[in-house]
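Participant: What follows is a predicted protein model with its sequence.
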Amino acid sequence: MTGLRRSPHTLRLRRAYGTMAAASAKRVTIGIRREDPARIWERRCPLTPDVVHELVHKDGVEVLVQPCERRVFTANDFIRAGAKLHPTLQPAHVVVGIKETPLPEVLTDPLSAPGSPHNDTSGLVPRTHVMFSHTVKGQLYNMELLGKYLASENPHAVQGGALLPRLIDYELLTGEDGKRTVGFGWFAGVAGALESLVAMAHAHLELGVASPFLWTPRPHTHPSLASIRKTLRDVVGAQIASDGTPKSLGPLVIGVTGTGNVAQGCLDLLQDLPIQHIGVDQLRSIVTDPNTDLRKIYVVHALPKDYFGRKDGRAFDRSDYYAHPDQYVSEFHTKIAPYLSLLLHGAGWAPTYPRLMTNEQLTTTLEIAQTLGKGRFACVGDISCDVNGGLEFLSQYTTLCSPTVVARPPTLPAHLPSVTMMAVDILPTALPLEASQHFSGKFLPYLRSIISSYTSKEAASEEERLTREALERATVASGGELRTGWEWLRTPLGAWKESVVSAQSGEVSGKGKEREAASGSQPKKTVLMLGSGMVAPPAVQELCGRSDVQVIVASNVLADAERLTLPYANATPVLVDMANPEAVERLVAAADVVISLLPVPFHPSVAELCIRHRKHLVTASYISPAMRALHDRAVSADVVLMNEIGLDPGIDHCSAMSLIDSLREQGKEIVSFTSFCGGLPAPEDADVPLGYKFSWSPKGVLTAASNSALFKLHGERCEIDGEDLLRTYFPDVPLSNVLKFEGLANRNSLPYAGVYSLEPLVGIRTIFRGTLRYPGFADLMYAFKAIGLLDVSATVNPQDWQSLVRATLEQKLGIPILDETRSLRSALQDVIPPKQQDSVLDALHWLSIIPQSTSEHVPSKNFDLSLPPLPSKPTAPIDLFATLLAHKLRYAPNERDLVVLSHEIVARPKGSRVSLTAPSADEEVHTSSLVTYGTRDASAMSRTVGLPVAFAALQILDGGVSARGVQGPTSKEVYGNVLRRLEEVGLGMRETVRKVTARTALGLSVEESLWARWRAMQETV
């Protein structure tokens, strides 16, 4: 192979340049560009020396080659083919490369037309650039490159930009059937399969197992693909066929997705191993059968019909799928993924289509995989390289220098393992020789058509006519304008012009604002959002609804930030970690308003930065002592640190203050204030133990079950010890004719007399804040506590989940319990009242933490076999229980949540002489309530927390908040705006009023109901 011979790189470069003879007339000149020096692995070339020889000697064109010592073909290879070396390619009419041209090297000036004398400027023609430009999907990072081809971005270009170059993108070259005709897909599949096999071998090593795949050659380490395949066949494959794969790993199963060239490349490469093709329906039997032959590798080529199904239960139909992709969901995570040792993902994805696997589905896959043995779904080769695409948990590309990344989305529970992912985005360059040869042959007909366009030759055949039409379809810009169909790229181009690139380096208010000022346009205001969690999406959507606002979403998980900002031209993702305070400070300094959605402990440090740079801050969290201590400094810096602007706290403050202030304006005084709030699963999704589900760690809820409470009820100061909270609950809280709730006192309610200006305490009969749950929550949670599942000080080490209750009871009772049903039931009877025993046993069985035989009321088929693995060391029962509940009581896809917020305020005419605790006909019962359900687009909790944050941030941005220092939303200018905006988005509060002597369908007022229950509890003590 001539292309593999290497000559000394001293080469006769000077001689080569010197042999460029001046011709009397200029020929069409092709320039082969070097690839970006920063792309150290890019060794491919769009034209081979053989093709260059044909172009020079048969087509009569001149070929210039920009020197590059990294290229798979040497300079001597091209010189022998008839090309000449040139340092800049300045004389080239047509410039071809693989990846996008580095910005300083883009040649945009026109040239003399072929056939005209050198230096004749009377007949100028534009250049043609051909590359994978990475602009056609609106990639912001390459909008500056796109601007090089547009008259609007080049005001001083010749003839108003009409002679700017033509930009042709290989990615858009298609046949009449719409399929791509020029590309590297097959080579991506081959190289991706090899890199993924290597990654799988390393993942197995981390599990303590060495497999024959350790000998898999990495593609760039061999001189040819034939050499690679020989090693794979004669070394790796032969070893497997002879001795088999390690028994501890079970049968090795490789899954392949996709139907194009990428998938075919994977399948062709795997033929060099002793493989057996199997169907999806065979996976479970192959993996679980102890007699499966380990001297084979099992390959399943999963097609869309195998894992996509309609939401209504109907089977996959290809034409229906493409017409109505929103009606389909993927079952890949349960039907296929758990059984795989390696997934080679070669299927494409678009935002309107269902993902192959979501982050939540990854959790399910890994939970099932844990039950099937070592190494299941431990490694993925995402050859499609769609970050946050078909596999949502792919957070970044990788490189040939570092080909793998550990995938661990924030939603993945701590007890589940991470996934090793290979996601190299330039895989074909690992096979530069064969990839270049293939590409060059496919591209040559198009190149000849481009050449003929400079010589004014008409299409000589139907084939050439079709080729020219394909080139027209692949042209993104020409004559200084975007071609028809690509005008939409003006939007991402505009986003780039508005300092998106600068914002990513933390310089939004610098270069971007200077540029806007110079152009005379109104500078955009910048909101920095720190954090990208559950409540962020509604907030980002609301903020980006303002065209005069630029939103920067900064997260330590770039994939989350990118997913949040993708739909909006005025939003930009930034990767930042709070462990890098300098980077955080740069972002704060560049913003006008900062929103912190970070965990509460980070808020004070962010507030410190805001004070230092005189920036306003908004958070949804309670005002901590550390935050309150910053009040005076914030006032001196003329900034507001707005806290408690979510749901609870947040909307509760706004609605309470609005009603209280309104009543005072009517000359009334407040004698009773009660407030309840709860985030719950919708009733149809609440048929589970506790009637509760978790979208975050359950430990906070479990810990709160032991909090003490303090409140005032009917003139009496009441206190509940933390040990008694779950026994001292309030059943049948009368808030709804339809929904039934029980209430738990929420910590210390007395300080809210000051927050709501209800002091002195002696002047108010009742002040109570509570948490809502469905009936049965408190009794069952108390049973869990009595069993010892909420203990924080002791540790247990059960051998399996079915032994957890026995282990906690032994710790609680201080006696050993035999591992048999009768002893366990007897121990449970010691701590659970007889009337609760059946329901508690059913719940424990549903949770899979007692043996199946212990409960006589639940059929054994309901026992969950996919529980998370237990820690190997002794662990506090509350931590084990929290891990279990995170698995068993999580929201499933398409399940809804519910938010209920309700205030009851009893008021009477100011100056009344009637005793606070005496019945009075003058009293009125006012209610203010909000009941809202989650939607397909957002949960109720995320909307009721995220939207108030956004409303407050925009109001501060517009100068609508005059208060300074550490604040909550208790001033009328703030709560009035938030409530008005909530009304506009369908989250308005609903108010009622009745005389205290009147009775409604609900019977007693909330205050009366609480008082009656409290008296009854005190009488039984």
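Facilitator: Good, I have the coordinates.
Participant: how far is the host helix or strand of S436 from where the chain is centred?
Facilitator: Applying DSSP states H and E as the criterion places S436 in helix 432-454. The chain centre lies 39 Å from the centre of helix 432-454; the measure is C-alpha atoms, centre = their mean, to the nearest Å.
Participant: can you check stretch 630-648 too?
Facilitator: Centre-to-centre, stretch 630-648 and its host chain are 30 Å apart (C-alpha atoms, centre = their mean).
Participant: And that stretch, what's buried?
Facilitator: For stretch 630-648, a neighbour-count test (16 or more other C-beta atoms under 10 Å) marks 630, 633-635, 637, 639-648 as buried. C-beta: built from backbone N, CA, C; applies to glycine.
Participant: I'd like the average pLDDT over that stretch.
Facilitator: On average, the pLDDT along stretch 630-648 is 91.
Participant: same deal with stretch 422-436?
Facilitator: 93.
Participant: Likewise for stretch 970-977?
Facilitator: Confidence for stretch 970-977, expressed as mean pLDDT, is 89.
Participant: same deal with stretch 232-247?
Facilitator: 96.
Participant: do the same with stretch 485-493
Facilitator: What stretch 485-493 shows for mean pLDDT is 85.
Participant: How about stretch 730-746?
Facilitator: Averaging pLDDT along stretch 730-746 yields 90.
Participant: what about it, distance to the chain center?
Facilitator: The answer for stretch 730-746 is 36 Å, by C-alpha atoms, centre = their mean.
Participant: Check what contacts that stretch and list those residues.
Facilitator: Identification of contacts with stretch 730-746 by C-beta atoms under 8 Å, 6 or more residues apart in numbering yields 676, 678, 683, 709, 711, 720, 725-726, 728-729, 768-778, 900, 902, 929, 931, 1001-1006, 1009-1010, 1013-1014.
Participant: just the buried members of those residues?
Facilitator: Buried among the contacts of stretch 730-746 by 16+ other C-beta under 10 Å: 676, 678, 709, 711, 720, 725-726, 728-729, 768-774, 776-778, 900, 902, 929, 1005-1006, 1009-1010, 1013-1014.
Participant: Can you give me the buried ones in stretch 429-446?
Facilitator: Within stretch 429-446, the residues that count as buried by 16+ other C-beta under 10 Å are 429-440, 442-444, 446.
Participant: ok, the residues you listed vs R664, which is closest?
Facilitator: When the buried residues of stretch 429-446 are compared for distance to R664 (C-beta to C-beta), T429 wins out at 72.8 Å.
Participant: Wait, a helix at that closest one?
Facilitator: Yes: counting by DSSP: H, G, I helix; E, B strand; the rest coil, T429 is located in a helix.
Participant: I'd say it and W41 touch.
Facilitator: Yes: shown here, T429 and W41 form a contact pair, counting by C-beta atoms under 8 Å, at 5.4 Å.
Participant: For the nearest residue to F132 once chain neighbours are set aside, give me its contacts.
Facilitator: Leaving aside its sequence neighbours, F132 sits nearest to Y170 (C-beta to C-beta, 6 or more residues apart in numbering; 5.3 Å). Contact partners of Y170, counting by C-beta under 8 Å, 6+ apart, are 130-132, 182-183, 443, 474.
Participant: With secondary structure, pLDDT and distance to P102 added, can I get the residues you listed in JSON lines?
Facilitator: Below are the contacts of Y170 laid out as JSON lines (DSSP: H, G, I helix; E, B strand; the rest coil; pLDDT from 0 to 100; distance: C-beta to C-beta, whole Å):
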{"residue": "V130", "secondary structure": "strand", "pLDDT": "97", "distance to P102": "16"}
{"residue": "M131", "secondary structure": "strand", "pLDDT": "96", "distance to P102": "11"}
{"residue": "F132", "secondary structure": "coil", "pLDDT": "92", "distance to P102": "14"}
{"residue": "V182", "secondary structure": "coil", "pLDDT": "92", "distance to P102": "22"}
{"residue": "G183", "secondary structure": "coil", "pLDDT": "89", "distance to P102": "22"}
{"residue": "F443", "secondary structure": "helix", "pLDDT": "96", "distance to P102": "21"}
{"residue": "A474", "secondary structure": "coil", "pLDDT": "94", "distance to P102": "22"}
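Participant: Below-threshold pLDDT in the stretch 301-450 of the chain: ranges please.
Facilitator: Along the stretch 301-450 of the chain, no part satisfies pLDDT under 70.
Participant: From L713, how far off is the nearest residue to H220 once chain neighbours are set aside?
Facilitator: Distances taken as C-beta to C-beta, 6+ apart place A430 nearest to H220, at 4.4 Å, with adjacent residues excluded. For A430, the distance to L713 (C-beta to C-beta, to the nearest Å) stands at 73 Å.
Participant: Which of the buried residues of stretch 630-648 fall in helices?
Facilitator: Residues of the buried residues of stretch 630-648 located in helices (DSSP state H): 633-635.
Participant: who's in contact with the most centrally placed residue in the chain?
Facilitator: Per C-alpha atoms, centre = their mean, the C-alpha nearest to the average position across the chain is that of D560, at 3.4 Å. The neighbours of D560, taking C-beta under 8 Å, 6+ apart as the test, are 410, 532-533.
Participant: Against V606, how distant is it?
Facilitator: Counting by C-beta to C-beta, the gap from D560 to V606 is 18 Å.
Participant: Equivalent analysis for P874, please.
Facilitator: For P874 relative to V606 (C-beta to C-beta), the value is 37 Å.
Participant: now swap in D320 and tell me
Facilitator: Remark: distance between D320 and V606 (C-beta to C-beta) = 49 Å.
Participant: Counting neighbours, go ahead and name the busier of the two.
Facilitator: More crowded of D320 and V606, by other C-beta atoms under 10 Å: V606, with 25 against 14.
Participant: that older thread, check whether the residue nearest to H220 really touches L225, as I assumed.
Facilitator: No: the pair A430 / L225 is not scored as a contact, 10.0 Å apart, by C-beta under 8 Å.
Participant: Pull up the overlap in contacts between these two.
Facilitator: Common neighbours of A430 and L225 are listed as P219 (criterion: C-beta under 8 Å, 6+ apart).
Participant: Now the phi/psi pair for the closest residue to V253 other than its chain neighbours, please.
Facilitator: Spatially, and ignoring its direct neighbours in sequence, V253 is nearest to Y298 (4.6 Å; C-beta to C-beta, 6+ apart). Y298 has phi and psi values of phi -100, psi 130 when expressed as degrees, to the nearest 10.
Participant: who touches Y298 in this structure?
Facilitator: Residues near Y298 by C-beta under 8 Å, 6+ apart: 251-254, 275-278, 286.
Participant: change it to 10 Å
Facilitator: 251-255, 275-278, 282-283, 286-287, 292, 339-341 (C-beta atoms under 10 Å, 6 or more residues apart in numbering).
Participant: Quick one: residues contacting the closest residue in space to V966 that isn't next to it in sequence.
Facilitator: With sequence-adjacent residues excluded and distances taken as C-beta to C-beta, 6+ apart, V966 is closest to H631, at 4.2 Å. By C-beta under 10 Å, 6+ apart, the residues touching H631 are 623, 641, 964-967.
Participant: picking up where we left off before, show the pLDDT at the residue nearest to F132.
Facilitator: Here the pLDDT value assigned to Y170 is 94.
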